[in-house]
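> Return atomic coordinates for the entry below.
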Amino acid sequence: MYIFGLLVVLGLIVFVISQLGSLGLLFWGNPAEKTYSKAPDKVIVDGKSYQALVKTSLGDIKVELFANNAPTTVNNFVFLSRDKFYDGVQFHRIVRDFIAQTGSRLSLDKNPQNDGVGGPGYRFEDEMNWDSLGLSASQRESLQTAGYASREGVKSVLMDKYYLAMANAGPNTNGSQFFFTLADKSNESIASLQGRHTTFGKVIEGTAVLDAMNKVELADEQTSSPRPVSPIIINSIEIIEL
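Residues are numbered from 1 along each chain as shown. Purely as a prediction, here's the structure:
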């Protein structure tokens, strides 16, 4: 009877675990490898405004999301944030007076060399309109040569200091990685990003946190991918629907 009772209890435990797994309440395997088979369906609501409260180990950053200007990008960010994709992720690249980059779940493993290639398992298109950005003829020619294109039907926002934009590996390669800008639009490096990276938000509270990031001690500072000596972590991202 004892053995029978034990088997019954074990069977119930296995059943409960399997049900939690089927509901997506348990995640098996390496958390750094969490990916999806396709880009998310629409989760944002037309007519609603969205903010994001990015809670980091250095403090909170509140962002106004540009749902009207970059709806696909904001939808992606809202979906990943609500699904806790960014929880625990590090700011793996900080270029002083330029950008602070994050969004790679590969920063959860112990190999800093692969952080720059982490993504959600899918890619989606850029949302940039060069007319609304006011790009010059020479800028447009350079972007076209690199394979970028202006997208009709969107009104893009010019990147400036304390703005939020998608990181990419070239045209239409957006995934999960994003960056905060640490310099204004007159900065030559920031100017070189206009028309190449979708801008989808701006900081409305917490700029002091980004100022602090800009001053942290960095390793490999003379390379293209300096990283904080002491990890800076996204604890969570709360999406606020207005």
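> so how far is the first residue of stretch 186-197 from its last?
16 Å (Cα to Cα, to the nearest Å).
> where's that stretch relative to the chain centroid, distance-wise?
Its chain's C-alpha centre and that of stretch 186-197 lie 18 Å apart, by Cα atoms, centre = their mean, to the nearest Å.
> Begin at 34, not 1, for the rest of this chat.
Renumbered: residue one is now 34, and that last one reads stretch 219-230.
> Buried by neighbour count: which residues of it qualify?
Neighbour-count burial for stretch 219-230 flags 220, 223, 226, 227, 228, 229, 230 (criterion: 16 or more other Cβ atoms under 10 Å). For every residue, glycine as well, the C-beta is placed using N, CA and C.
> Which of the residues you listed fall within strands?
In strands, judged by DSSP state E, none of the buried residues of stretch 219-230 are found.
> Nearest to residue 121 among those residues?
Ranked by distance to residue 121 (Cβ to Cβ), those are led by residue 230 at 24.4 Å.
> Could you check how far the closest one is from residue 195?
15 Å (Cβ to Cβ, to the nearest Å).
> go on, residue 219?
Distance, residue 219 to residue 195, using Cβ to Cβ: 14 Å.
> returning to that earlier point: restricted to helices, list the buried residues of stretch 219-230.
Taking DSSP state H, the ones among these that sit in helices are residue 223.
> quick check, nearest of the buried residues of stretch 219-230 to residue 208?
Nearest to residue 208, judged by Cβ to Cβ, of the buried residues of stretch 219-230 is residue 230 at 12.7 Å.
> Quick check: closest non-adjacent residue to that closest one.
In this structure, residue 230 finds its nearest non-sequential neighbour in residue 198, 4.4 Å apart by Cβ to Cβ, 6 or more residues apart in numbering.
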